[in-house]
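Engineer: Sequence and computational prediction follow.
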Amino acid sequence: MTTQLRLALGTLLLALCLPLSAQDNLTAEPEVTIREDGDRIIEEYRMNGFLYAIKITPPSGAPYFLVAVDEEGNFARADQVQQGLRIPSWKVFEW
């Protein structure tokens with residue numbers, strides 16, 4: 001009985017610790033990659049590997065942002081996206 005209880009407690013502790021170690025890999029700050037494309041500067045903003053925004057600074061004029069509108073890799077200018085709340089849509093389960 002004592003061995004089974006220890007095994008059950010050990011399994012429970014292991015199950016509780018696994019989600020914490022998986023969350024350690026997630027970063028709280030975005031990764032920013034800056035590169036030049038011809039005469040303009042492109043800054044790519046990623047969070048946990050997902051590209052969610054691109055800032056383009058042309059040689060003349062104001063910089064503008066492209067933001068992800070879906071998970072398919074489609075982007076739209078931030079000033080042309082319909083004003084309002086963008087609701088995040090994360091995949092919770094997939095099989």
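Structural biologist: Everything's here; your move.

Engineer: isn't A76 right next to F65, touching?
Structural biologist: No: judged on Cβ atoms under 8 Å, A76 makes no contact with F65 at a distance of 9.8 Å. Placement of C-beta: from N, CA and C, glycine included.

Engineer: Could you pull out the helices in the protein for me?
Structural biologist: Taking DSSP state H as the criterion, the chain contains helices spanning 2-24.

Engineer: Show me where it has its strands.
Structural biologist: Assigned strands in the chain, in chain order: 31-37, 40-47, 50-57, 64-68, 75-77 (criterion: DSSP state E).

Engineer: Need the residues that contact the shortest one.
Structural biologist: This points to strand 75-77. Contacts to strand 75-77, defined as Cβ atoms under 8 Å, 6 or more residues apart in numbering, come from residues 54, 64-69.

Engineer: sorry, back to before: nearest to W95, of the strands of the chain?
Structural biologist: W95 lies closest, by Cβ to Cβ, to one member of the strands of the chain: strand 50-57, at 20.7 Å.

Engineer: That closest one pairs with which strands, and in what direction?
Structural biologist: Here strand 50-57 is paired, per DSSP bridges, with strand 40-47 (antiparallel), strand 64-68 (antiparallel).

Engineer: for those, which one sits closest to V92?
Structural biologist: Distances from V92 to each of the strands paired with strand 50-57 were compared by Cβ to Cβ, and the smallest falls on strand 40-47, at 17.2 Å.

Engineer: ok, back up a step: format the strands paired with strand 50-57 as TSV; extra columns: mean pLDDT.
Structural biologist: Converted to TSV, the strands paired with strand 50-57 look like this (pLDDT from 0 to 100):
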stretch	mean pLDDT
strand 40-47	93
strand 64-68	88
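
Engineer: Now mean neighbour count and distance to E31 too, for these, in TSV please.
Structural biologist: What follows is those, written out as TSV (neighbours: other Cβ atoms under 10 Å; distance: least, Cβ to Cβ, whole Å):
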stretch	mean neighbour count	distance to E31
strand 40-47	15	5
strand 64-68	17	15
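
Engineer: for the chain, what are the low-confidence residue spans?
Structural biologist: Along the chain, segments meeting pLDDT under 70 span 1-27, 80-91.
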